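Trainee: Give me a 3D structure for the following:
(one chain, ligands or ions: 1)
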Amino acid sequence: MTLFEKIIARQIPAQIVYETADILAFRDIQPQAPVHVLVIPKKPIVRLSAASDEDAVLLGKLMLAIRDVAAQEGLAEGGYRVVTNNGDHGGQTVDHLHFHVLGGRRLSWPPG
Ligand code: 5GP
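Mentor: Take a look at the predicted model:
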């Protein structure tokens, strides 16, 4: 069971900011910006490259959840960044698909 599955199961505490039947969003424990929320499917998809065509509706719902979380966090007007780290070279450390929503300051580009 991954760390994020334990958060979904309420076995590990997290600051949950948004929840639906198939999606959860909570604050990152090591925030990299004034707002740093992780948006995840409850289904344990390991990473984006492991998603299947049957996940199309869920992936669309995740994008719309990100839109709603960003608005809820007051980021819609100023802007924000959405990132998914996929695999080793992507810098993924937790093997459960997640989207970082970062905002509240001007972010630099490109990432390291
Ligand atoms: P990744 O590096 O896989 O893209 O992102 C994993 C994220 O999970 C990191 O930003 C890290 O700070 C966050 N994280 C790791 N452990 C915990 C935890 O126990 N609780 C929360 N809320 N976030 C965590």
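Trainee: Show me what from this protein comes close to the ligand.
Mentor: Taking CB under 6 Å from any ligand atom as the contact definition, the chain meets the ligand at 3, 12, 14, 26-30, 85, 91-94. Every C-beta, even on glycine, is put in place using the N, C-alpha and C of the backbone.
Trainee: What about those residues, which are in helices?
Mentor: Among the residues of the chain next to the ligand, DSSP state H puts Leu3 in helices.
Trainee: Ranking by neighbours, what's the top pick from the residues of the chain next to the ligand?
Mentor: Within the residues of the chain next to the ligand, most neighbours by other CB atoms under 10 Å means Phe26, with 21 neighbours.
Trainee: So what's the gap between the strand ranked longest in the chain and the chain middle?
Mentor: In the chain, assigned by DSSP state E, the strand with the most residues is strand 35-41. How far strand 35-41 lies from its chain's middle: 3 Å, per CA atoms, centre = their mean, to the nearest Å.
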